[in-house]
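Chemist: kindly generate the corresponding structure for this input.
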Amino acid sequence: MNVLDTFEEDETYKCFLSTDYDAEKYANSIIASSTVSQTLQALQGGVEKLNCALEEHVSEHYEDLINQATGMDILEESLGIVKSRIDQLQRSMTTIKKRLSEPYNQMTMRTQQLGRLQKTCDVLRRVTRIQYLTKRLKQQLDGGIKEITKTSQTFNELQYLYGDGDLEGIEVIDKDLEWVRKARANMEVQAEQLLIQGLSSFNQNQTSTALQVFNSIGTLQLVVSKTLQTKCSSVQQDLGSALSGSFEQSYNGSAPGGTSMTNTAAWRANLWTSLDKWSNNITTQFNQIHVLHRTLVRRRDPSTQRTLLEECGVTPIQTYVSAVSVALQQELRNINSSAKQALNLEYPKALRLVVSLWNHFSSKLDVEGLEDVTLPNVNIREVLTPFQCTYLARSLNRLLDPVNIAFPGKTVPSTSEMESIVRIMVSELTAARGDEELKKLSTNNIVKSIRDILNKCENLVHFGSGLNDISSAPTQYHVKNIQVMNVLCTLHSKLEEVPADLTVGRTEVWNVISENVNSLLNPFKVQIEHVFSTIHDTDYGFEKQDIAGCSTYIGLVEEAITHLVSNYLSQLSNKSAILPKLQEFQDSLISLYLHHLCVVRPLGDGGKMKIATDIAEMERVLGGLLDEHSVSQQFKVLRAFRAVLFLTVEDLCTVRNVPRPMLLNHLFSRAGDALLSPYKVAGWTPSQYVAWLYSHPYEVVDMIQGTIQWYEDMIRESGAPSFDPIYPNIIQLLQT
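Modeler: Just a heads-up that it's a prediction; the model follows:
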């Protein structure tokens, strides 16, 4: 092991190997520990170990040490030789330096002379060119505005030649410099006037000429920015004047005490006149900006071939439209109370004004060269939202106030009052014309007012048991319900005149009318249904006898219909409005009547003639429900069934204008006693069966099939030799 490694592991000698060893600090620590003698002995032993180690190392590497000592002498000789060579090199460099300095100085002097000569030549060329251009410029200026484009190009070249003023002091051109500056200023004035004239008259040629002049003299961006700034700054100023300046000038005398009194009507007229003028001014300015933008897009710089729009780095249309948007937002946000009230009252006019501006902006972009131009993403309607909310709230009040006046307590309003309410609805929609979104919102208000009317009408309508008393003249409940129905019919018909999609409102009105009509007609329907049930009390099985006149039930039905028409429907002011409900009532009675006729049994030839006579009379009686007799589908079925009565069973199976369930039930009427009718198999009365037929139209065939199955089983069990002659015809019709 190396002696140093031994010391590294020994606590006594370890501290001597540390890089921060402090002898004084070590001695003080030994003295303080009272181990001086022991430490000295240990140190002496360590010194001896080191001496031994050194002697051993020298003896082991004796040859190497001798060789290294010899090499030192050789190294000293080599260093001496190198030093002499360096001294020799320095002397050579000094000699070369002396030989090169004189040519270098001469080259430097010649170079300076050449540079001055080149500069002088450049100045001479520029002076010569300036003199020539100055002479040409005077000729071009004599040409006036026609030569202004060429003049601007000459000024541009002169500006380049004059540079940064390094030609000042040359007498030959100094005398013309001041004249050139004045001429340039005059040309700029002419170009500005030409630009103003071109924009004012929307003349692209004049505008293009002016812009080319400014581009030639390097002031295009400055001029375009200045033009935009002038027009944009006037937008907000003019709008503020329109909203507030006119207000301060509209007075109508003075109140007691010297306080001025504003003539509201005159002020509002003045306000809208001012706003219209502002809108027209904005339209004109935008058209000018449009000409400016389009000209910048179509004209190019002759040297760079870039458009003038790219050269100036300005977007006139977007900048101007943004200025209009900001002006509207700021001025309408800080509007005075009187102007705010006027805009609240006549919001549609303000909306049309603003929307027409934006529509005009958009329409002008649909031209060649402006396809990529887009207006700023601004929802201009948001600016007017506060006025819209106030206007719609007041509009709803204008719609609801006459409704509340027309329904004082339990009194039914007159039809004239209802017509007046509808006229107000039309007025509100007329105010919103021209804007679909506002029209939609106004339509929602109208629907709200319609629902308010319906709620008040429903509170007036009586649906109690008093409506079932139809034995004599109409009761007070009937009269009031009919009055409400007249009001609703007037409302429903007048709503067709409203210029808006009121499908929802009209549907809700019709639903209330239908409910009211049903409450009026249902008692009569119940009465007539009871009369129809008496058909089965009459024997129609006879073959031939005197059948003069019709059955007794016809007179009862006619009496009920006449009572309904003369005492109830006659009180309707607009009977045509409920014709669909009367048609529905008529069809339901015909359908019910046909179901009763189909199950009449027995049925002889004389009975058929009697029923045919009854059907003819029933057509006349039920036709009295409608002022204008119209042949409905049910009427056609009734007439067709009258013909079916006299067809053979074979021909009957081919009939297509009478429903198949009716034909099947009628075939049972022609069958023998063994083939029972479905209602007898079910244990019902004819009236119960008819009621079931009327309420279950899609289950009739299934029930008849069940009856036939019962009949087949009965025949098999009884051992009868054959089926009823009608049986095959029923099977054939079932399979059709």
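Chemist: for the rest of this, base every contact and every neighbour count on C-alpha atoms.
Modeler: Will do.
Chemist: okay, residue 273 and residue 572: tell me how far apart.
Modeler: Using CA to CA, to the nearest Å, residue 273 is found at 51 Å from residue 572.
Chemist: between these two, who's got more neighbours?
Modeler: residue 572 (19 against 14; other CA atoms under 10 Å).
Chemist: doesn't residue 482 make contact with that one?
Modeler: Yes - using CA atoms under 8 Å, residue 572 makes contact with residue 482 at a distance of 6.6 Å.
Chemist: where's the closest residue to residue 676 other than its chain neighbours, which helix or strand?
Modeler: Spatial nearest neighbour of residue 676, chain neighbours left out: residue 668 (7.3 Å); criterion: CA to CA, 6 or more residues apart in numbering. Following DSSP states H and E, one finds residue 668 within helix 660-669.
Chemist: repeat for residue 327
Modeler: Residue 327 belongs to helix 316-333, assigned by DSSP H and E.
Chemist: show me which positions of that helix end up buried.
Modeler: By neighbour count on 16 or more other CA atoms under 10 Å, the buried set for helix 316-333 is 316-329, 331-332.
Chemist: can you list the weak-confidence ranges in the stretch 351-500 of the chain?
Modeler: Within the stretch 351-500 of the chain, the stretches with pLDDT under 70 are 369, 371.
Chemist: what's the single longest helix in the chain?
Modeler: Taking DSSP state H as the assignment, the helix of the chain that covers the most residues is helix 62-142.
Chemist: helices and strands around it, which ones?
Modeler: Packing contacts for helix 62-142, counted by 3 or more CA pairs under 8 Å, 6 or more residues apart in numbering; DSSP states H and E, involve helix 148-162, helix 171-200.
Chemist: mind telling me which of the ones you listed the model trusts least?
Modeler: Ranked by mean pLDDT, these bottom out at helix 148-162, which scores a mean of 63.
Chemist: circling back: tell me the helix or strand right after the helix holding residue 327.
Modeler: helix 337-345.
Chemist: next, the angle helix 316-333 makes with the helix or strand just after that next one.
Modeler: Counting by DSSP H and E, the next helix or strand C-terminal to helix 337-345 is helix 347-363. Per axes from the mean of the first three to the mean of the last three CA atoms, to 10 degrees, the angle that helix 347-363 makes with helix 316-333 is 170 degrees.
Chemist: packing partners for helix 347-363?
Modeler: helix 264-298, helix 385-406.
Chemist: how close does residue 616 sit to residue 598?
Modeler: For residue 616, the distance to residue 598 - CA to CA - is 16 Å.
Chemist: neighbour count for these two, which is higher?
Modeler: Comparing residue 616 with residue 598 by other CA under 10 Å, the one with more neighbours is residue 598, at 20 against 14.
Chemist: on that earlier part again, so what's the residue nearest to residue 676 up against?
Modeler: 599, 675-677, 726 (CA atoms under 8 Å, 6 or more residues apart in numbering).
Chemist: for those residues, work out which two are farthest apart.
Modeler: Using CA to CA, the pair of those lying farthest apart is 599 and 726, separated by 15.1 Å.
Chemist: looking at those two, which is more packed in?
Modeler: Using other CA under 10 Å as the criterion, residue 599 and residue 726 rank with residue 599 on top: 25 against 17.
Chemist: check which helix or strand the nearest residue to residue 685 once chain neighbours are set aside maps to.
Modeler: Closest residue in space to residue 685, ignoring its immediate chain neighbours: residue 679 at 6.5 Å, by CA to CA, 6+ apart. For residue 679, the host element (DSSP H and E) is helix 678-682.
Chemist: state the mean pLDDT of the helix or strand just after that helix.
Modeler: The helix or strand immediately downstream of helix 678-682 is helix 686-695, counting by DSSP H and E. Here helix 686-695 scores 90 as its mean pLDDT.
Chemist: mind listing residues that contact helix 686-695?
Modeler: 533, 536, 591-592, 595-596, 599, 679, 700.
Chemist: distance to residue 583, secondary structure and pLDDT added to the residues you listed, as CSV?
Modeler: Formatted as CSV, these follow (distance: CA to CA, whole Å; DSSP: H, G, I helix; E, B strand; the rest coil; pLDDT from 0 to 100):
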residue, distance to residue 583, secondary structure, pLDDT
533, 22, helix, 92
536, 26, helix, 90
591, 12, helix, 93
592, 14, helix, 93
595, 18, helix, 93
596, 20, helix, 93
599, 25, coil, 92
679, 30, helix, 92
700, 25, helix, 90
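Chemist: tell me the one of those residues nearest residue 41?
Modeler: Nearest member of these to residue 41, counting by CA to CA, is residue 700, at 135.4 Å.
Chemist: the closest one contacts residue 662, correct?
Modeler: No - under the criterion of CA under 8 Å, residue 700 makes no contact with residue 662, lying 9.2 Å away.
Chemist: hang on, the earlier thing: buried ones among the contacts of helix 686-695?
Modeler: 533, 536, 591-592, 595-596, 599, 679, 700.
Chemist: quick check: residue 577 touching residue 489?
Modeler: Yes - at 5.9 Å, residue 577 counts as touching residue 489 under the criterion of CA under 8 Å.
Chemist: neighbour-wise, which of those two wins?
Modeler: Taking other CA under 10 Å, residue 577 and residue 489 do not tie; residue 489 has more neighbours (24 against 19).
Chemist: in the protein, what helix or strand scores lowest on average pLDDT?
Modeler: helix 246-249 (a mean of 44; mean pLDDT, DSSP states H and E).
Chemist: distance of the closest residue to residue 569 other than its chain neighbours from residue 558?
Modeler: Nearest residue to residue 569 in three dimensions, chain neighbours excluded: residue 575, at 7.2 Å (CA to CA, 6+ apart). In this view, residue 575 and residue 558 are 20 Å apart by CA to CA.
Chemist: which phi and psi values does residue 603 adopt?
Modeler: Phi and psi for residue 603, reported as degrees, to the nearest 10, are phi -140, psi 110.
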